[in-house]
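> what follows is a predicted protein model with its sequence.
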Amino acid sequence: MTTAARRPLDVRVLDGTVTNPPTVFDDSTLLPADRATMSALGHRVEGADLAAPPVVLPDFHHKSKMELPSSVAVATAGTIRPDLTSSSVNCGMALIAVDSEVPDAKAVDVFMRAVRERYPYPTRGAAELSRKEVVKAVRDGSEFSVDRRGAPADDLERIEEGGRIELERYGGLDRLHAELPGIAFQLARYRFGTVGPSNHFVELQRVEEILDPDRAAKLGVSEGQLTIQYHGGGGVFTGEIGRLFFRRKDYPAQVKAVNAALKPWFHLRSARSFAQLKARLSLYFTAGCTPLPLEGDEGQRLMLATAAAMNYGFAFRTATYAALRRIAADSFGGAVGRLVVDSPHNSIYEEPVGARTGVVHRHNACRAFPASMMTPGTTFAETGQAVLLPGTHRTSSYLAVAGDRAATSLYSACHGAGTVVADLVARGVSGDDPLKRTTRRYRYDDAAPTDAHHFDDRGVNAALDVLVRNGLVKPVARMRPIAVLH
């Protein structure tokens with residue numbers, strides 16, 4: 001592993017002056033933060049009411065459809081800026097520890113086929129929820145999937161915020177229900193709990209190495225054990241909310257068509273005065289994302305909608321967990337699974353920033369609270385909040401917990417190392433796995449699975465090293481993939 005250094009890197013704007021120097025967690029030799037991407041970050045946060053320097057984490061890169069680069073955390077003092085996270089909040093990753101040894105190829109085939117049958121892609125188009133159930137998911141978060149999908153109640157402690165954000169602090173469900181058109185709840189009945197292709201996946205892994213035996217035991221992970229790691233979105237409702245307030249770059253045609261009717265209804269019909277009508281026209285029907293004061297009516301309305309979307313996302317991914325847990329038990333001879341952690345990586349929360357409270361926006365970065373900030377009596381209050389650092393389906397992934405100096409990164413860690421892995425392979429720094437291991441790769445069509453040959457772990461280890469040497473996380477276990485559906 002390489003030696004990492006936490007260093008401020010100046011971001012210059014067009015007039016040549018230095019603005020908002022971020023705190024950069026990288027390795028200047030092996031993993032230097034890209035200057036053009038740093039400039040894009042600087043322009044995006046220019047003039048913001050920053051409560052702390054923006055944080056740049058390993059795997060820092062910029063997707064063309066996103067306003068902000070990935071692997072970033074930005075804290076503002078009194079405004080909400082939706083462009084500082086994804087257009088759909090509560091995309092996240094989770095890890096299930098299964099009480100089973102690594103299955104044979106036949107059992108893996110059975111499992112993957114069952115996952116595809118439960119969550120096919122393209123989806124069947126049938127409603128998964130009633131309208132009343134959508135409202136309950138928006139209100140209750142993961143508790144909804146405990147009641148309706150059979151997720152274990154004991155596992156709620158392993159989900160960020162316990163899988164539920166209280167809506168009353170921002171005006172409550174009644175306000176949301178009164179203002180949000182019924183069609184939004186109707187559309188959210190579909191595709192509940194799906195995973196799908198692209199960078200979302202369901203991966204079977206073997207725990208190859210325990211790095212912190214005490215914390216691993218508390219988290220329920222042991223050497224040789226089977227784990228299931230999955231990356232899933234927050235569902236239809238989160239995408240609707242994320243694009244209702246501002247015009248985003250990421251605007252699929254079908255969502256744009258729905259919002260042509262939904263957005264005017266939501267914002268203009270509920271306006272209580274001509275002045276508010278004019279303000280909303282200016283805010284939500286022009287290009288870009290205008291920051292909103294947290295304490296103002298529009299800011300509270302946005303936070304209410306965001307909290308509701310987060311709750312739906314928690315319910316969505318907890319339903320996925322419940323289904324995968326049952327499928328694993330059926331496929332691997334009755335073994336049952338336990339949730340190790342569920343961690344969103346696109347979020348907006350009010351959180352401690354130094355001695356005050358700020359609004360922390362994370363984009364493809366996960367929260368990493370130390371044990372002292374977790375709910376007393378929970379596992380994470382002993383271990384620190386669990387954090388996943390996936391590599392790719394061709395490298396190891398890591399389970400870690402928040403480190404002692406996580407405050408220096410706004411209590412944030414990168415949500416993966418895929419870009420780092422690809423970059424080091426392209427540069428010839430990383431190569432083939434010396435042990436010649438492979439991952440059985442499944443798709444959503446009927447094609448036979450193929451074998452993907454592994455790389456070595458230099459890429460994911462380089463990203464982890466930056467986090468560990470700066471005290472952001474402590475590694476607990478290393479998992480190696482054996483099969484993936486994506």
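Looks like it arrived, so ask away.
> neighbours of P120, just the number please.
For P120, the count of nearby residues is 12 (other Cβ atoms under 10 Å). C-beta coordinates here come from the backbone N, C-alpha and C atoms, glycine included.
> then the one 5 residues further on?
Around G125 sit 7 other residues, with neighbours defined as other Cβ under 10 Å.
> what number of residues lie near the nearest residue to it once chain neighbours are set aside?
Nearest non-adjacent residue to G125, counting by Cβ to Cβ, 6 or more residues apart in numbering: Y190, 7.1 Å away. Neighbourhood size, Y190 [other Cβ under 10 Å]: 17.
> equivalent analysis for F274, please.
8.
> just the one 10 residues further on next, same as before
Counted with other Cβ under 10 Å, the neighbours of Y284 add up to 19.
> hang on, it packs against N259?
No: here Y284 lies out of contact with N259, judged by Cβ atoms under 8 Å, at a distance of 10.3 Å.
> which residue ranges form the strands in the stretch 251-400 of the chain?
For the stretch 251-400 of the chain, the strands defined by DSSP state E, counting those that start in this stretch occupy 292-293, 337-344, 346-353, 356-363, 365-367, 386-389, 397-402.
> just so I know, which of these lies nearest S88?
Closest approach to S88 among the strands of the stretch 251-400 of the chain is made by strand 346-353 (6.9 Å; Cβ to Cβ).
> report the strands that pair with that closest one, each with its relative direction.
strand 356-363 (antiparallel) (DSSP bridges).
> and H453, what are its phi and psi?
For H453, the backbone dihedrals (degrees, to the nearest 10) come out as phi -70, psi 140.
> residues in contact with stretch 404-413?
Stretch 404-413 has contacts (Cβ atoms under 8 Å, 6 or more residues apart in numbering) with 6, 23, 25, 52, 55, 57, 73-75, 351, 353, 360, 362, 365-370, 373, 387, 389, 400, 402, 467, 470-473.
> recalculate using a threshold of 6 Å.
55, 73, 75, 360, 362, 365-370, 387, 467, 471-473 (Cβ atoms under 6 Å, 6 or more residues apart in numbering).
> secondary structure element for F25?
Following DSSP states H and E, one finds F25 within strand 23-26.
> on contacts alone, who are the packing partners of that strand?
Counting contacts by 3 or more Cβ pairs under 6 Å, 6 or more residues apart in numbering; DSSP states H and E, strand 23-26 is packed against strand 55-61.
> what are the bridge partners for A402, then?
Judged by DSSP bridges, the bridge partners of A402 are V473.
> give me the pLDDT value at it.
At A402, the model reports a pLDDT of 98.
> count the residues that sit near it.
Number of residues near A402 (other Cβ under 10 Å) recorded here: 30.
> now the one 10 residues further on
By other Cβ under 10 Å, the residues close to S412 number 28.
> burial of the closest residue to it other than its chain neighbours, as a residue count?
Distances taken as Cβ to Cβ, 6+ apart place A73 nearest to S412, at 3.9 Å, with adjacent residues excluded. The local packing of A73 (other Cβ under 10 Å) involves 28 other residues.
> tell me if I'm right that A73 and N364 touch.
No: using Cβ atoms under 6 Å, A73 makes no contact with N364, being 9.9 Å away.
> where along the stretch 101-250 of the chain do the strands fall?
Assigned by DSSP E, counting those that start in this stretch, the strands in the stretch 101-250 of the chain fall at 201-210, 226-232.
> please identify the most buried of these.
Mean neighbours per residue, mean count of other Cβ atoms under 10 Å, is largest over the strands of the stretch 101-250 of the chain for strand 226-232, with a mean of 23.
> elements contacting that one?
Where contact means 3+ Cβ pairs under 6 Å, 6+ apart, strand 226-232 is packed against strand 92-98, strand 201-210, helix 297-331.
> what would the ones you listed look like in JSON lines with distance to A153?
JSON lines is the format used below for the helices and strands packed on strand 226-232 (distance: least, Cβ to Cβ, whole Å):
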{"stretch": "strand 92-98", "distance to A153": "16"}
{"stretch": "strand 201-210", "distance to A153": "24"}
{"stretch": "helix 297-331", "distance to A153": "11"}
